[in-house]
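[1] Have a look; sequence and predicted model below, questions after that.
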Amino acid sequence: MPGGLDIRNLVGSVINAVKSRANKVCAATCDGLILRMHYRWTFCIMLGGFFTTWYSWYHRDVISCVSHFNAETQVRLDYINICLSYPYLETEGGRRYILFYRWISWSFLILAAVYYIPRKMSKTFDNSKCKALLEDLATNSHRYDQTEAQLVERAARYMIFNLRTHNGLYWKYLCVNLVALLVDIFAMHYLDFILQGRFIQYGIKSYPFNRDPQTFSDYMSQTFPPFASCELSSENQLVNKRTEKFGCHLTIMELYEKVFLALWVWLIALCFFTCCYIIFLFMMWLPWVRVLMIHTARPVNGRDKVRMISKKVMKNCKIGDIYLLYRLKQHLSHVRFYELSVRLSELNLNSEQRQKATPETQPERQEKTPIDDMVTTTIRNRRSAVTLDPSKDPQYLYQLLGSSESLEKTLQTLTQDKIQTKKNTSILIE
């Protein structure tokens, strides 16, 4: 419509943005399926609920009220504005005002913002080096050439050099999952507050979902009543100090009852899965659980049993290292992860192997040693300023005595050089 809001383009833009972000490789170290169920899936559900209810509010009649004195004429707009905020039901205990009818859409928007908190925390707690390693594995591990072997070599070098330094990563990840569970609990109680104490048990008390279309006495109709009353009295200052009642039809209640039933089922399932996963993370302190986490199928050329290798790896690693290996396992084949486990299970996992795994300590080309360089310089330039007298050059004595092989080599070179010098001198004299 010209000059209006095109809801189809708006929804299409949101869907395309969500799909583009969902297709990205997610390799954050403090991220996982449970967290994505919160900050991605539930976030989109809350946004969808907001757009659905918001669209209904601005593109259709959300309430229709008539006066008891004149039921054929729609009441004034200022009366309807009051009835939108203060409709009520007559119950045995008195009136029950339905205060949430007008503010449901904005409640969805608030919950969408709350469910994005775990994502901000996971990005803050992320380890950039581990994330780069996981991204390499996630991006290239599907290839069937030698790339996977190179990735295993990188992973092994990183793990050996950074062994027993990832406990903080485990605790941060556990903390983010606990925050996600707190967000679920907050959402349940927040919606229960919005619906005036009728959300937490909404699905249980509504079962088996038998409806009463005549008197609307079932639990769902009592929670979201399609018909309600509205009263304007002398306190409202709009009806000339008289009391007038209106009968109102709340047209979006039929939508609310279905949206909140689906949301109740989803939040219950989300709380259950989050609790189970947190229990699993706590069970990682048990040795047999850590062994199962890094257990893999033994390849044909495997010599050792996988269980024995896993136990050796567990002895060399802390709980944070086991967690990182569990993440690496998701991007490697069984054969490659077996190779990585074998390298980490070696008993002599000491500083010597860590030096071999360090890129900085292993130069690509073998440079000449200082003593060889000094000897070569002495041979080429006999009149060099380098003094070979130990009494005048203590540094040379220190280098000379540092290795018996270097000492022997240097003495032989000096002897040959002396003989050659004598021959050249005798030729010149003749």
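    Happy to help now that I have it.
[2] drop to CA atoms for contacts and neighbour counts, all remaining ones
    Will do.
[3] Just the strands from the chain, written as ranges.
    For the chain, the strands defined by DSSP state E occupy 63-67, 88-91, 94-97, 227-232, 244-250.
[4] so which of those gets nearest residue 278?
    Closest of those to residue 278 is strand 94-97, at 39.6 Å (criterion: CA to CA).
[5] So what's the model's average confidence on that closest one?
    Strand 94-97 shows a mean pLDDT of 86.
[6] Repeat that for stretch 51-61.
    80.
[7] Also stretch 211-225?
    Stretch 211-225 comes out at a mean pLDDT of 84.
[8] can you list contacts of it?
    Stretch 211-225 has contacts (CA atoms under 8 Å, 6 or more residues apart in numbering) with 195, 198, 202, 205, 206, 209, 210, 250, 253, 254, 256, 257.
[9] Same check on stretch 87-94?
    If you take CA under 8 Å, 6+ apart as the criterion, stretch 87-94 is touched by 95, 96, 97, 98, 99, 228, 229, 230, 231, 248.
[10] Let's have these in JSON lines, adding distance to residue 132 and neighbour count.
    Shown next, in JSON lines, are the contacts of stretch 87-94 (distance: CA to CA, whole Å; neighbours: other CA atoms under 10 Å):
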{"residue": "95", "distance to residue 132": "61", "neighbour count": "12"}
{"residue": "96", "distance to residue 132": "57", "neighbour count": "14"}
{"residue": "97", "distance to residue 132": "55", "neighbour count": "17"}
{"residue": "98", "distance to residue 132": "52", "neighbour count": "20"}
{"residue": "99", "distance to residue 132": "50", "neighbour count": "16"}
{"residue": "228", "distance to residue 132": "59", "neighbour count": "20"}
{"residue": "229", "distance to residue 132": "61", "neighbour count": "20"}
{"residue": "230", "distance to residue 132": "61", "neighbour count": "23"}
{"residue": "231", "distance to residue 132": "64", "neighbour count": "17"}
{"residue": "248", "distance to residue 132": "60", "neighbour count": "21"}
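[11] Take those residues and lay them out in TSV including distance to residue 267.
    Formatted as TSV, those follow (distance: CA to CA, whole Å):
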residue	distance to residue 267
95	30
96	26
97	26
98	23
99	23
228	29
229	32
230	33
231	36
248	32
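[12] Looking at those residues, spot the one nearest residue 328.
    Of all the contacts of stretch 87-94, residue 328 sits closest to residue 99, with 51.0 Å by CA to CA.
[13] give me every residue that touches that closest one.
    Neighbour list for residue 99: 85, 86, 87 [criterion: CA under 8 Å, 6+ apart].
[14] any idea how far it is from residue 131?
    47 Å (CA to CA, to the nearest Å).
[15] and if you look at residue 194?
    Using CA to CA, we find residue 194 at a distance of 40 Å from residue 131.
[16] Low-confidence ranges, the protein, go.
    Residue ranges of the chain with pLDDT under 70: 1-8, 10-27, 69-73, 141, 143-145, 234-240, 347-430.
[17] Tell me the buried residues in the lengthiest helix in it?
    Ranked by number of residues, the top helix in the chain under DSSP state H is helix 253-283. Residues of helix 253-283 classed as buried by neighbour count (16 or more other CA atoms under 10 Å): 253, 256-257, 260, 263-264, 267-268, 270-271, 274-275, 277-278, 281.
[18] Please apply the same query to stretch 130-140.
    For stretch 130-140, by 16+ other CA under 10 Å, it's 130, 131, 133, 134, 135, 136, 137, 138.
[19] Now, those that are in helices?
    Using DSSP H, these in helices are 130, 131, 133, 134, 135, 136, 137, 138.
[20] how's this structure carved up into domains?
    Using automatic domain parsing, the domain parsing of the chain gives 7-123+196-283, 128-165+284-360, 373-409.
[21] between the ones you listed, which gets nearest to residue 177?
    With CA to CA as the criterion, residue 177 lies closest to domain 7-123+196-283 of the domains of the chain, at 6.8 Å.
[22] can you give me the offset of the closest one from its chain's centre?
    With CA atoms, centre = their mean, to the nearest Å as the basis, domain 7-123+196-283 stands 29 Å off its chain's centre.
[23] what does stretch 112-126 give?
    For stretch 112-126, the distance to the chain centre is 8 Å (CA atoms, centre = their mean).
[24] Tell me the one of the buried residues of stretch 130-140 nearest residue 300?
    Once CA to CA is applied, the member of those that ends up nearest residue 300 is residue 137, at 23.3 Å.
[25] can you pull the contacts of the closest residue to residue 44 other than its chain neighbours?
    In this structure, residue 44 finds its nearest non-sequential neighbour in residue 112, 7.5 Å apart by CA to CA, 6 or more residues apart in numbering. For residue 112, the contacting residues are 42, 43, 44, 46, 47, by CA under 8 Å, 6+ apart.
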